[in-house]
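[1] Below are the sequence and a predicted model for it; my questions follow.
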Amino acid sequence: MRDSLTLTRPDDWHLHFRDGAQLQGTVPATARVFRRAIVMPNLTPPVTNAERARSYRERILAAAPAGSDFEPLMVIYLTDTTSPGDIAEAASSGFVYAAKLYPAGATTNSDSGVRDPSAIYPLYEALEKYDLPLLLHGEVTESEIDIFDREKVFIDRYLADIRAKFPALRIVFEHVTTADGVQFVQAHNKLTAATVTPQHLMMNRNDLLAGGIRPHNYCLPVLKRREHQLAIQQAVLSGDSRFFLGTDSAPHAQDKKEATCGCAGCYSAPAALPLYAMFFEQHGALDKLEAFASFYGADFYRLPRNTDKVTLVRENWVIPAHVDVGGLTMVPWQAGVEVSWRLKD
């Protein structure tokens, strides 16, 4: 049994920092581990253009620890009024690396999202032209469609056609949650990829609902059946480079999670890399962790792989019950769980 694990410094290809005072907690938690991160733009108001992305980036960098080389990779939020010119400007900015499609109402702060993903084909064309990846929250939002079926319906209704009509467009199926999503990625070339969260690797809907509702395991897209969890696990453990690390770390105050209508999101950043390491070790695949965490995402985004290292040491510790994030009390994902790997200081 090995006592330490040294990896090329990883990147997080999907996370939420929020804004304002929360940045003082969320940014250092990520910058301690990850060299770069794709920062989701669903603020209020959303980050809809390069100028808003620039301002948000400056706020993130101001919250990074002194001497940190952490680099936020900014994303613009697509709306029904986004223009091809907005995409051209973002692509030429030097700091915007993707555009995010939220179907309106799909998740936190998505009310400004796209009402009909089939109605914005000029934007997909512009993304393809300027080689800016399209990041998808791949769910439909109609109330009559079962929440556990919404990812598959999105694929059938929208994504298959987008993929076929824009063959040179890089697409990331964010936080993939179903066997249908996995199979869609596997059926296409390396211009189609998916990020994988720790919660969708390690849990299924029993962990949300069996024996009582566990609000800190509630996220969107929601956890699915075990058969879907197994499909995601198998894709990751196979070493397929189209599947890479994206925590979808999404902080919410404890009283907003433990509420009559609790917020969706798992704040996994404080322990994300050790938790991924536990998963890979439990499946006899620690040798696959570095590529998943440090190589595949960088290659997809056509960025250089990092050259510095991080080291995990075998040392049991317990994820704290609470953390203070910008004056808000939050419950980190897997609070109270004993973890067998710790990031070396």
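    That came in fine, so what should we check first? Numbering: from 1, shown residues only.
[2] At which residues are the strands of the stretch 51-200 of the chain located?
    71-77, 96-101, 134-136, 171-173, 192-196 (DSSP state E, counting those that start in this stretch).
[3] Export those strands as TSV, with columns for mean pLDDT and distance to G336.
    For every residue, glycine as well, the C-beta is placed using N, CA and C. Shown next, in TSV, are the strands of the stretch 51-200 of the chain (pLDDT from 0 to 100; distance: least, CB to CB, whole Å):
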stretch	mean pLDDT	distance to G336
strand 71-77	98	30
strand 96-101	98	33
strand 134-136	98	32
strand 171-173	98	32
strand 192-196	99	24
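[4] any chance of the ones you listed in a markdown table, with distance to W341 too?
    Conversion of the strands of the stretch 51-200 of the chain to a markdown table gives the following (distance: least, CB to CB, whole Å):
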| stretch | distance to W341 |
| --- | --- |
| strand 71-77 | 25 |
| strand 96-101 | 29 |
| strand 134-136 | 29 |
| strand 171-173 | 27 |
| strand 192-196 | 18 |
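[5] so of those strands, which one's packed in deepest?
    Greatest average neighbour count among these goes to strand 171-173 (a mean of 27), per mean count of other CB atoms under 10 Å.
[6] For D255, give me its contacts.
    Taking CB atoms under 8 Å, 6 or more residues apart in numbering as the contact definition, D255 lies against T329.
[7] which residues of the stretch 1-150 of the chain fall in helices?
    Applying DSSP state H, counting those that start in this stretch to the stretch 1-150 of the chain gives helices spanning 23-31, 50-63, 84-91, 121-130, 150-154.
[8] among these, which is nearest G336?
    G336 lies closest, by CB to CB, to one member of the helices of the stretch 1-150 of the chain: helix 23-31, at 17.8 Å.
[9] And the closest one, what's buried?
    Judged by neighbour count (16 or more other CB atoms under 10 Å), helix 23-31 contains these buried residues: L23, G25, T26, V27, A29, T30, A31.
[10] so how far is that helix from its chain's centroid?
    16 Å (CA atoms, centre = their mean, to the nearest Å).
[11] cool, stretch 86-102 as well?
    With CA atoms, centre = their mean, you get 17 Å for stretch 86-102.
[12] again with stretch 22-38
    Distance of stretch 22-38 from its chain centroid, counting by CA atoms, centre = their mean, is 13 Å.
[13] Once you drop chain neighbours, what's closest to I147?
    Nearest-residue entry for I147: V222, 5.8 Å, with adjacent residues in sequence omitted and distances by CB to CB, 6 or more residues apart in numbering.
[14] Out of the strands of the stretch 51-200 of the chain, the one nearest E151 is which?
    Judged by CB to CB, the one of the strands of the stretch 51-200 of the chain that comes nearest to E151 is strand 171-173, at 8.8 Å.
[15] packing partners for the closest one?
    With contacts taken as 3 or more CB pairs under 8 Å, 6 or more residues apart in numbering; DSSP states H and E, strand 171-173 sits against strand 134-136, helix 179-186, strand 192-196.
[16] show me where pLDDT drops low in the stretch 101-250 of the chain?
    Nowhere does the stretch 101-250 of the chain drop to pLDDT under 70.
[17] Alpha carbons only: can I get stretch 62-80 in PDB?
    Extracted in PDB, the C-alpha atoms of stretch 62-80 (Å, rounded to 0.1, in the frame of the first residue of the first chain):
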ATOM      1  CA  ALA A  62      -8.200  39.600  -5.900                       C
ATOM      2  CA  ALA A  63      -9.500  36.800  -3.600                       C
ATOM      3  CA  ALA A  64      -6.700  34.400  -4.500                       C
ATOM      4  CA  PRO A  65      -4.000  33.800  -1.800                       C
ATOM      5  CA  ALA A  66      -0.900  36.000  -2.000                       C
ATOM      6  CA  GLY A  67       1.700  34.500  -4.400                       C
ATOM      7  CA  SER A  68      -0.900  32.100  -6.000                       C
ATOM      8  CA  ASP A  69      -0.500  31.300  -9.700                       C
ATOM      9  CA  PHE A  70      -4.200  30.200  -9.900                       C
ATOM     10  CA  GLU A  71      -5.800  31.100 -13.200                       C
ATOM     11  CA  PRO A  72      -9.600  31.400 -13.600                       C
ATOM     12  CA  LEU A  73     -10.800  30.400 -17.000                       C
ATOM     13  CA  MET A  74     -13.900  32.500 -17.700                       C
ATOM     14  CA  VAL A  75     -17.100  31.500 -19.400                       C
ATOM     15  CA  ILE A  76     -19.900  33.600 -20.900                       C
ATOM     16  CA  TYR A  77     -23.600  32.800 -20.200                       C
ATOM     17  CA  LEU A  78     -25.700  32.300 -23.400                       C
ATOM     18  CA  THR A  79     -29.100  34.000 -23.400                       C
ATOM     19  CA  ASP A  80     -31.800  34.500 -26.000                       C
END
